[in-house]
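Colleague: build me a model from this:
(4 chains)
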Amino acid sequence: MGDTNLLDYVIQKSGQDVLSCYHCQKCAAGCPVAPFMDIQPNVIHRLLQYGRDDEILKSATIWICAACETCGARCPNDIDIAKVNDALKQYAVREGIKGKEKGMPAMHNAFLSGIEKRGRMHEVSLIRELRMKTGGLFKDMKLGIKMFKLGKLPLFSEKVKNMGEIKKLFEKARRAQ
Amino acid sequence: MPQKKIGVFVCHCGINIASVVQIEELVKRLQESSGVYYATDYKYMCSEPGQASIRDAIKEKELDGIVVACCSPSLHELTFRRTSSSVDLNPYLCEIANIREHCSWVHSDSTLATEKAQEIIETIVEKVRLDEALDPIKVPVNKRAMVIGGGISGIQSALDIADSGYPVILVEREAAIGGHMAELSDTFLTLEKSSELLSAKQREVSVHSNIQLLTYSEVEDLDGYVGNFKATIKKKAKMVDWDKCDGCGKCIAVCPVKVPFDQEHPLGKENAIYLPLLEAGPKRVVIDKGICQHFSGECSECQTACPKSAIHFDEQDETLEEEIGAVVVATGYSMYPKDRIGEYGVDGCEDVIDGLQFERMLAAWERGEGPLRRPSDGKTPRDVVFVQCSGSRDPEHAMPYCSRICCMYTVKEAMVYRKAVPDGQAYVFYIDIRTGGKGCEEFTQGGIADNRLIYMRGKVSKLYREGDKVVVWGVDTLMGKKVEIAADLVVLATATVPSPGAKELAQRLKVSADDYGFFQEVHPKLRPVESPTAGIFLSGAARAPMDIPESIMHASGAASKVLALFSQDDISHEPIVAFVDEDYCSGCGVCVETCPYGARELQGRKRVAKVIEVLCQGCGACIAACPNGACQQRNFQAEQCLYMLDAAL
Amino acid sequence: MKVSYYPGCTLKDKTTNLDDSTKAAAEALDIDMVELPEWTCCGATHPLTEEKIINLVPQIRILSNVRTEGNDSVTTTCAFCYNTLKRANKAVIDDPIKRQRMNAFLKDDKRIPEYDKETVYDFKEYNGETKVVHFLEILRDTIGFETLSNRVTKKLEGLKVAPYYGCQLLRPPEEVDLDDPENPSILEDFLRSLGCEVVNFPFKSECCGSYLSLSAPDAATRASHTILRSALKNGAEAVTLSCPLCYYNMDKRQDNILKLYADFSTVPVFFFTQLLALALGVDESVMGWNKHHIDPTPLLKEKGFLS
Amino acid sequence: MTDNGATYSYYPGCSLHGTSREYDASTQAVCAELGIELKELSDWVCCGASSGHSLDETLNIGLPAHTLKLAEKEGMDVAVPCAACYNRLKVAEHALQEKEGVREQMKDLLDYEFQGTVQVLNLVELIKDRVGLEKIRSKVVKPLTGLKVVCYYGCLLVRPAEVTHFDDPEHPRSLDEIMEAVGAEVLNWSYKTECCGGSLSLTRDDIVKGLVDGIVDMAKEAGAQAIVTLCPLCLENLEMRQSDGTYPVFYFTELLGVAFGLKESEHWLKKHLVDSTSLMKSLRLLS
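Modeller: Numbers count the residues shown, from 1 in each chain, chains lettered A, B, ... in the order given. Purely as a prediction, here's the structure:
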């Protein structure tokens, strides 16, 4: 990341003026998943100011954020914390920093690699690849069977014919990091 | 004396009176009552139709006096007296019988209440029967004002009054006007240089034909009353002949007395002899007798060093007497002494300063006097911690009130500091950020974000020196964790308190001050710029902590009150005052001591007590004290009161 | 001037040198001080229990015994006993209900020591008459540091001492009221009157960890270390204090400090009465140097105060 | 905005070809009934959903931009039933227009110069604004009288407001109006835009259970017999993770189908994990 600290990186990448946060905690109050977070959404800004990058990047908060934009809509200083968390997730993945939350990164990686292969998301292969990485192969098995019986879990994935552009897109994305 | 034709007007006050007092029964009984010539009632006497009925009755029945039975006199006495005088009935022959607060509101038994109402009315009828027609007392107004204090408030009040064409004496304790504003760096919201804003005003004062500037002077005493004050002013000896002195500064160089940096002092005063920041004209030195060692020892270094031998220690203070009509108190504020806050370790810490001292450091940097230097070792502070509410909002140890201006000047100081030290980091420990006022919140939040100030919510518990750092123990309540910062410099936003000597001045002016020493206003909401003593007005921070914009508003507010006073050639005073029957007065002087308003004096060859009618507030203390009944009060004479008692019992 | 002396429990076993040096110094300064007979424990920390009776009984019984001895004041050097006695006394003075309850209890209590004998005791209600005075207050207010410095035979010239107050001597200020809680000066003036060089350091009234040394030893070690390190950093050669518990944390547990903070250098800790006795030329036996964990004698010898 | 009569490009998104087939079928049928022709974009690609914006900014904009390229080539406004896809496309559209440098980056990545000539429409917007309530009312054959429902918009349709510009982020009304138009009794409640947990379902179902139960309880408290929604992700979560297990959740297009008397409606409802047909039968809305 060069000499700029994480604070400057996040402000630039997410386009959110994190420094204008005056910690009214309206976001934390309205965030549906805040109770499950180890660091409250706005406290991330304070830790960025203190330069406690490690603590942030290893937190469960940035992965649990469901990007439902409630905070962004209600923040008096118009800070969209979902975008801040995106910038932090992207940075953590790129720097290979593993945090408390293992499931979500694995799920997102499996999702994108599926698209790189097929151009479209295929639930069965996504779940298979995810469970192989994080274990719990038989989780939701009962539900899975029921959905399969209802014809909602096609075994064969649809594939995009012209994959050339997709391949190029993923290539350039990797190089752009 | 022919029987006076007295009319009684009973008000229903909607249901407030009528719901308890039986109005018709009362009016019927009043019509039969001996002292009453005419009696009637109406739903709302104070309404326009109600007052019209009174006016018509007075004219048709040629009434000699009226009683309005309604609510408390403090509500509508004035209204009904104006109604009476509008039909040429002397207003002091119109009296109020309070049958609401004193009767219907406090009773429920309607028969008894009606009887009581009748008694109250008949008592007042007796009073009107013996009332004399009176006219307000006229007092000439000396249209000349005195402003005490030459800070921005005093300057603004003086200019407003002088610009309206009235002469003003501006008395300033220090050798130059400008007050604390002269010491500031930039001022918030526009970040303009404080000295630049001030110098325009200072020049205006020094050249204004209507303003007589008395610097290095203090008000010793104030006598007299509104429109006719007599002020005794002490012009302190400068001990320097300003015609000879050209401000070369040789004397300053040799002066052994050093004014400590963190002791409150006017700008430029580093020694006992110093160059005050004069608003205009050449630089000239002044000696502060209080700390000059010539008087406490035998030093006369400056005298010998002066090439023009302009210094002579024998110059005496001068005392002046000035006749004035109005006084504006603009004594301003000072900072709560920081070494009174033991836990902020101030005893050994030169690098723990207060907000005003940091202003001086920032102003010096802005004047290009080199980089920011901290008091202990002159190093440029990289980490500066601001500690808010030092001594404010602290009922237990210091001032319980919020000093109002620190949140704003702290963020501004932090912004100016970041200009002076671009790679410096400013931390602010606060309990609440109180930046109400136009444009203040945007200024603050913008300042915090743009300058990467770290604002932490938590009151600092302890400061102490460790090596060359000042360690700050605070908490960040957001994290719920203790925060320890090793700072190069700590700026305490100490409480704003009245300027030294304010309490004593209040006593000399016979004006009340609250227990912190801020001057007391008549009414905090409705009459904020007037003191309870008529003719004395309050301008700026002398009344309560306030920033420069508010000081200007209050200054002009006080000035407008002075102009209102000066707009009349004379002022009228309630005529219900005491008077002395000289035949009975034995000149014992008891009444003179008892009078709380100084409205009494023994006069003439016969040494007979005389009432200064303008000062008399009609409290009756002298009447009670007078041993031989020589003293009476108009329309409350003893005989009258006895009759009223008969009617009441 | 006759005053009862209340030593307190630790002065009879672990810190007899505090007891002996106090009595020796008092004698040297001819303060007529008589140890209270049959005294009991003062209840240590000011009553942690809200229980109505037991939290005041020990102190009030001691104070009323002082009165029965015919003295109007009691002195002690232990900060804990001073704090507890003074606050209990104030509680009884300020709160009529507590006073009533204590007197009721003391009235019955009078019969207990005589077990079987039904002795009628002319029990006089206790209303807080006894004055609780720390030994330092006697030096400051009764003797006066001026006269004290004249009575000193051996000036402790050049001994750089850091005065340590701890908490019980100063807080809560409105009840203890010995000195300014944030900027106290009584120990500084005392040391100057002995000729010592006073070392000012910011942690002179920070808590040493007190009885946490039993329940949370690391916390106490950390607290004492912060204090001692700050004293050393400000140039102290020795520390003086007036409380046996602070003494235990600061002197006895310096090797625990060394375990946690390798760069820490040990420093001798004196009771202020030891320095007083030393300065008054009282014989060595009262000092009990051997009771110290960090032996102070090398420093004293080096400074020429010990033969 | 190209008003090409009643033909729109159609971007179903991966879920509608997988776990939410009934949403795809009911959408096509209802649109046909309302005279709208949906031409599915050929060879469309996944919008990246939450994984795109979580892991890689280039993919986050690149994938939906690819779809926008296809749509612009077709030259028709594009209808997007799934709220998540709709959100992603709007974010890309917004970035291309507002964010500096994105247009060039996408030109380099997809070698296509974006014109911004095509509008992205979510299905509620299409039906309520383009078709209009009058047309809907005219098509009602069997009004859904007696059916008490609450409308659940989820978060991605209405937020962030400066990107989606659709309805009101706190109190949206458009779906309520559609359901009222077909005779259902739409009740007011306060969880219209509360998040259901979205992509957390696969890895943190404990969180989704908490959120979903909250939503279902509020719906019951409002007196509703069922929830109507418009997002496949929300419906999946609401059905899979509700502890009640019997509280029906409908796609709004399914109810429109029933109201329009479309025969295959029952077929769609049968595909739900949570039985939704018995409620309809009890109200005699299904034979």
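
Colleague: sketch out the low-pLDDT regions of the stretch 1-150 of chain C for me.
Modeller: C:1, C:45-52, C:109-122 (pLDDT under 70).

Colleague: up against chain B, what does it have?
Modeller: By Cβ under 8 Å from any Cβ of the partner chain, no residue of the stretch 1-150 of chain C approaches chain B. Where C-beta positions appear, they are placed from N, C-alpha and C, glycine not excepted.

Colleague: please, where are all the helices along the stretch 1-150 of chain C?
Modeller: Applying DSSP state H, counting those that start in this stretch to the stretch 1-150 of chain C gives helices spanning C:16-28, C:57-68, C:79-94, C:96-109, C:135-137, C:145-151.

Colleague: so which bits of the fourth one are buried?
Modeller: Neighbour-count burial for helix C:96-109 flags C:98, C:99, C:101, C:102, C:103, C:105, C:106, C:109 (criterion: 16 or more other Cβ atoms under 10 Å in any protein chain shown).

Colleague: low-confidence ranges in the stretch 1-150 of chain D?
Modeller: D:1-5.

Colleague: write out the residues of chain B neighbouring chain A.
Modeller: By Cβ under 8 Å from any Cβ, the residues of chain B that approach chain A are B:433, B:445, B:448, B:449, B:450, B:452, B:454, B:455, B:457, B:476, B:478, B:479.

Colleague: buried subset of those as a PyMOL selection?
Modeller: Applied in PyMOL, the following selects the buried portion of the residues of chain B next to chain A according to 16+ other Cβ under 10 Å:
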select buried, chain B and resi 433+445+448+449+454+455+457+476+478+479
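
Colleague: among the residues of chain B next to chain A, which are in strands?
Modeller: Within the residues of chain B next to chain A, residues falling in strands by DSSP state E are B:454, B:455, B:457, B:476.

Colleague: before we move on, what's the pLDDT of the residue nearest to the third one when sequence neighbours are not counted?
Modeller: Of all residues beyond its chain neighbours, the one nearest residue B:457 is residue B:477 (4.7 Å), with distances taken as Cβ to Cβ, 6 or more residues apart in numbering or on different chains. In the predicted model, residue B:477 carries a pLDDT score of 91.

Colleague: and for residue B:497?
Modeller: For residue B:497, pLDDT reads 96.

Colleague: in a helix, it, correct?
Modeller: No - counting by DSSP: H, G, I helix; E, B strand; the rest coil, residue B:497 is located in no helix; its state is strand.

Colleague: residue contacts, it?
Modeller: Going by Cβ atoms under 8 Å, 6 or more residues apart in numbering or on different chains, residue B:497 touches B:333, B:334, B:335, B:336, B:399, B:516, B:517.

Colleague: among those, which one has the most neighbours?
Modeller: The residue in the contacts of residue B:497 with the most neighbours, by other Cβ atoms under 10 Å in any protein chain shown, is residue B:333 (28 neighbours).

Colleague: right, and it touches residue B:494 too?
Modeller: No - taking contacts as Cβ atoms under 8 Å, residue B:333 lies outside contact range of residue B:494: 11.0 Å.

Colleague: can you map out the strands along the stretch 151-287 of chain D?
Modeller: For the stretch 151-287 of chain D, the strands defined by DSSP state E, counting those that start in this stretch occupy D:185-186, D:226-229, D:249-251.

Colleague: so how far is the longest one from its chain's centroid?
Modeller: Here the centre of strand D:226-229 is set off from its chain's centre by 12 Å, with Cα atoms, centre = their mean, to the nearest Å.

Colleague: got a pLDDT number for the most centrally placed residue in chain A?
Modeller: In chain A, the centroid-proximal residue (Cα atoms, centre = their mean) is residue A:63; its distance is 5.3 Å. Looking at residue A:63, its pLDDT reads 95.

Colleague: now it: which helix or strand?
Modeller: If you go by DSSP states H and E, residue A:63 is part of helix A:61-64.

Colleague: list the contacts of that helix.
Modeller: If you take Cβ under 8 Å, 6+ apart as the criterion, helix A:61-64 is touched by A:33, A:36-41, A:44, A:56, A:85, A:88-89, A:92, A:99, A:101, A:103-105, D:54, D:200, D:204, D:207.

Colleague: now the residue of chain C found nearest chain B: phi and psi?
Modeller: In chain C, the residue that lies nearest chain B is residue C:182 (2.3 Å; Cβ to the nearest Cβ). Phi and psi for residue C:182, reported as degrees, to the nearest 10, are phi -90, psi -30.

Colleague: closest to chain A among the buried residues of helix C:96-109?
Modeller: Among the buried residues of helix C:96-109, residue C:98 lies closest to chain A (Cβ to the nearest Cβ), at 44.7 Å.

Colleague: isn't that closest one up against residue C:53?
Modeller: No - the pair residue C:98 and residue C:53 does not pass the contact test of Cβ under 8 Å, sitting 9.8 Å apart.

Colleague: the residue nearest to residue B:457: neighbour count?
Modeller: Neighbour tally, residue B:477, other Cβ under 10 Å: 14.
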